[in-house]
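Asks: When you get a sec, could you give me coordinates for this:
(one chain, ligands or ions: 2)
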Amino acid sequence: MALVAGVDSSTQSCKVVIRDAQTGELVRHGRAPHPPGTEVNPAAWWDALRRAIAEAGGLDDVAAISVAGQQHGMVCLDSRGEVVRPALLWNDTRSAQAAVDLTTELAHLGGGDGTEAWVRGSGSGLVASLTVTKLRWLSDIEPEAAAQVAAVALPHDWLTWKLSGSTDIADLVTDRSDASGTGYWSPLTGEYRRDLLGLAFPQAETVRLPRVLQPFESAGSTPSGVVLGPGCGDNAGAALGLGLDAGQAMISLGTSGVVAAVSETPAVDLSGDIAGFADATGAFLPLACTLNASRILDAARSLLGVNYDRLSELALSAQPGAGGLVHIPYLEGERTPNLPTATGSLHGMTLANVTPSNLARAAVEGLLCHMRGALDAVEALGPPVAEGYLVGGGAQAPAVQALASQLLGIPVVVPDPGEYVADGAARQAATVLLGLTSPVAWRLIEGSRHDDAPADEVVAAFRAQASGVAASFA
Ligand SMILES: Nc1ncnc2c1ncn2[C@@H]1O[C@H](COP(=O)(O)OP(=O)(O)O)[C@@H](O)[C@H]1O
Ligand SMILES: O=C(CO)[C@@H](O)[C@H](O)COP(=O)(O)O
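Replies: Ligands and ions are numbered 1, 2, ... in the order given. Next up, the predicted model:
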């Protein structure tokens, strides 16, 4: 039996699964934490990857490996392949002003709307998460560091390169899904847009950008001969791991909150709310991403001094609407809606309703109503979503599972607990190993299906307060 490994190098941790290449059966797994913060030395990801691989029993009997990673992170290398400065992650909002500046400047150049021009050029409107804004921030704020940059890679590109054993920046590769989150690669043409990169970064003409592999094209091998898959962005990895079909959406509650659907045609959302990313199979992955998701539960847990199980028990013991408490969970600023300097808020407090159970309920309702906004944006762009797959760490909370269908307004499938991003990477590795051009057929996902009556009044109360926050920033 040939074995393959899949990696999810995500914001908070690195997860590795080892599966049978033909059947997809899970054989072993491992995990190691990442350091906190929105700026991380990539060496910490490499260290966590090696520890997670060791916990998963090593790669001695593994024939192929593929790496999925958190999207957009700016990994700058010098001409010797050394990291120039710690990577700025997708959730670092220092480049919010750079996003505004780049949008304004492209509008002036083209004589039209800047967001529309970025969407047409790169598939997505600019927010602080996209790599191009981080490069502009680097040029503006740290020009000495910017001058040393000879290559720019993303987290999964860099880890794939490390696994290959190369130290030559000419060997860097990426894939369509992660390239489409840079802001300087077009999902429409499949080409880099160095002209757009030039608005952000002085060495745009000469800086080395990873070669973009085709779906299921090999990235070479490790020094010990393990075949390397192309890898992908973590959301494309989850879509592949779930085997997402037309009419289905992925709702991921990790550090980020993501609603994504697979599409055969590129998404062009001129409002910029939906990122028009590519997927890992040759199709597209229109996606709405929030900065706040599972950590809303972490904050509530820490406020109440309880564990995850107790938080869910408390939330489920309260009435819908949390006695009038409404939590707007913009705890780290927000990306969708684009409010990078917003803060969170709790509305409607009275002497009677400030109880632990109502606070817990307001956190869970705030998380899910926030994701409803992302879901509505995805639905507005494409065909209706018939059902959603709820994944990511926050999906483990029983209260989230119980309330998801009511607050999202669609049937929700909660797959059996698993690492669906790492599974997608493993499926990619198996497909490359077996020489296939479309994803190897693996077992169907199993889980529980929830189809409850919508709690429209809870969503309406949330929207009323959230629109006030957005208006105060207008
Ligand atoms: N039992 C649980 N119940 C609710 N949330 C959980 C539970 N276990 C983990 N989490 C949440 O999962 C989050 C991590 O999710 P994960 O999908 O691994 O994030 P990322 O992919 O961004 O690293 C933590 O912030 C925590 O809030
Ligand atoms: O920025 C995005 C997508 O555009 C995020 O989804 C990152 O890819 C991080 O993912 P998680 O660590 O939250 O899974």
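Asks: all helices for the stretch 201-350 of the chain, in order.
Replies: Using DSSP state H, counting those that start in this stretch, the helices of the stretch 201-350 of the chain run over 234-242, 294-304, 308-317.
Asks: can you give me how far the last one is from the chain middle?
Replies: So that's helix 308-317. 27 Å (C-alpha atoms, centre = their mean, to the nearest Å).
Asks: about what we covered before: out of the helices of the stretch 201-350 of the chain, nearest to residue 125?
Replies: Closest of the helices of the stretch 201-350 of the chain to residue 125 is helix 234-242, at 17.2 Å (criterion: C-beta to C-beta). Yep, even glycine has a C-beta here, placed from its N, CA and C like the rest.
Asks: Which of the helices of the stretch 201-350 of the chain sits closest to ligand 2?
Replies: helix 234-242 (4.7 Å; C-beta to the nearest ligand atom).
Asks: residue ranges with poor pLDDT in the chain?
Replies: Applying pLDDT under 70 to the chain flags no residue at all.
Asks: Spell out which parts of it neighbour ligand 2.
Replies: Contact residues (C-beta under 6 Å from any ligand atom) of the chain with ligand 2: 10-11, 70-72, 90, 129, 181, 233-235, 254-256, 258, 275, 289.
Asks: and the residues you listed, which are buried?
Replies: Buried by 16 or more other C-beta atoms under 10 Å: 10-11, 70-72, 90, 129, 181, 233-235, 254-256, 258, 275, 289, out of those.
Asks: near ligand 1, from the residues you listed?
Replies: The subset of those within reach of ligand 1, by C-beta under 6 Å from any ligand atom, is 10, 11, 254, 255.
Asks: Looking at the residues you listed, spot the one nearest residue 405.
Replies: residue 254 (19.9 Å).
Asks: what's the closest non-adjacent residue to the closest one?
Replies: Once flanking residues are discounted, residue 254 sits nearest to residue 392: 4.0 Å by C-beta to C-beta, 6 or more residues apart in numbering.
Asks: Return the distance of the one you found relative to residue 67.
Replies: Distance of residue 392 to residue 67, given as C-beta to C-beta, to the nearest Å: 18 Å.
Asks: In terms of neighbours, single out the busier of those two.
Replies: Neighbour count, other C-beta atoms under 10 Å: between residue 392 and residue 67, residue 67 has more, with 34 against 23.
Asks: Going by secondary structure, the more buried one is in what exactly?
Replies: Assigned by DSSP states H and E, residue 67 belongs to strand 62-69.
Asks: Now do the same contact list for whichever residue of the stretch 101-250 of the chain sits closest to ligand 1.
Replies: The stretch 101-250 of the chain approaches ligand 1 most closely through residue 234 (6.7 Å), counting by C-beta to the nearest ligand atom. For residue 234, the contacting residues are 8, 9, 10, 68, 69, 70, 71, 254, 421, by C-beta atoms under 8 Å, 6 or more residues apart in numbering.
Asks: Go again with 7 Å.
Replies: The neighbourhood of residue 234, defined by C-beta atoms under 7 Å, 6 or more residues apart in numbering, consists of 8, 10, 68, 69, 70, 71, 421.
Asks: Next, give me the two most distant ones among those residues.
Replies: Farthest pair in the contacts of residue 234 (C-beta to C-beta) is 8 and 71. Separation: 12.0 Å.
Asks: Output the ones next to ligand 1 among the buried ones among the residues of the chain next to ligand 2 in CSV; the columns should cover distance to residue 125.
Replies: Shown next, in CSV, are these (distance: C-beta to C-beta, whole Å):
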residue, distance to residue 125
10, 24
11, 22
254, 22
255, 21
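Asks: rewinding a little: what strands flank the strand holding residue 67, and is each parallel or antiparallel?
Replies: strand 3-9 (parallel), strand 227-228 (parallel), strand 232-233 (parallel) (DSSP bridges).
Asks: most packed of those?
Replies: Stretch with highest mean neighbour count among the strands paired with strand 62-69: strand 232-233 (a mean of 32; mean count of other C-beta atoms under 10 Å).
Asks: what residues does stretch 346-366 touch?
Replies: 296-297, 300, 303-304, 311, 314-315, 317-318, 322-329, 399-400, 403, 407, 458, 462, 465.
Asks: give the contact list for residue 81.
Replies: Residue 81 neighbours (C-beta under 7 Å, 6+ apart): 167, 168, 169.
Asks: Please name the nearest non-neighbouring residue to the last one.
Replies: Closest residue to residue 169 in three dimensions, ignoring its sequence neighbours and counting by C-beta to C-beta, 6+ apart: residue 151, at 3.9 Å.
Asks: ok, residues contacting the strand holding residue 67?
Replies: Strand 62-69 has contacts (C-beta under 7 Å, 6+ apart) with 2-9, 18, 21, 59, 154-156, 159-160, 163, 226-234, 237, 421-422, 424-426, 428-430, 432-433.
Asks: and the angle from that strand to helix 234-242?
Replies: Angle of strand 62-69 versus helix 234-242, following axes from the mean of the first three to the mean of the last three C-alpha atoms, to 10 degrees, is 130 degrees.
Asks: Measure how buried the closest residue to ligand 1 within the chain is and give me the count.
Replies: For the chain and ligand 1, the shortest gap (C-beta to the nearest ligand atom) falls at residue 393, measuring 1.9 Å. Counted with other C-beta under 10 Å, the neighbours of residue 393 add up to 19.
Asks: Same check on residue 104?
Replies: Using other C-beta under 10 Å: residue 104 sits among 11 other residues.
Asks: in the helix or strand where it lies, what's buried?
Replies: Secondary structure assignment for residue 104, by DSSP H and E: helix 96-110. Residues 96, 98, 99, 100, 101, 102, 103, 106, 107 are the ones in helix 96-110 that count as buried (16+ other C-beta under 10 Å).
Asks: Show me the strands in the stretch 251-400 of the chain, by range?
Replies: For the stretch 251-400 of the chain, the strands defined by DSSP state E, counting those that start in this stretch occupy 257-261, 275-278, 284-290, 326-328, 345-347, 387-391.
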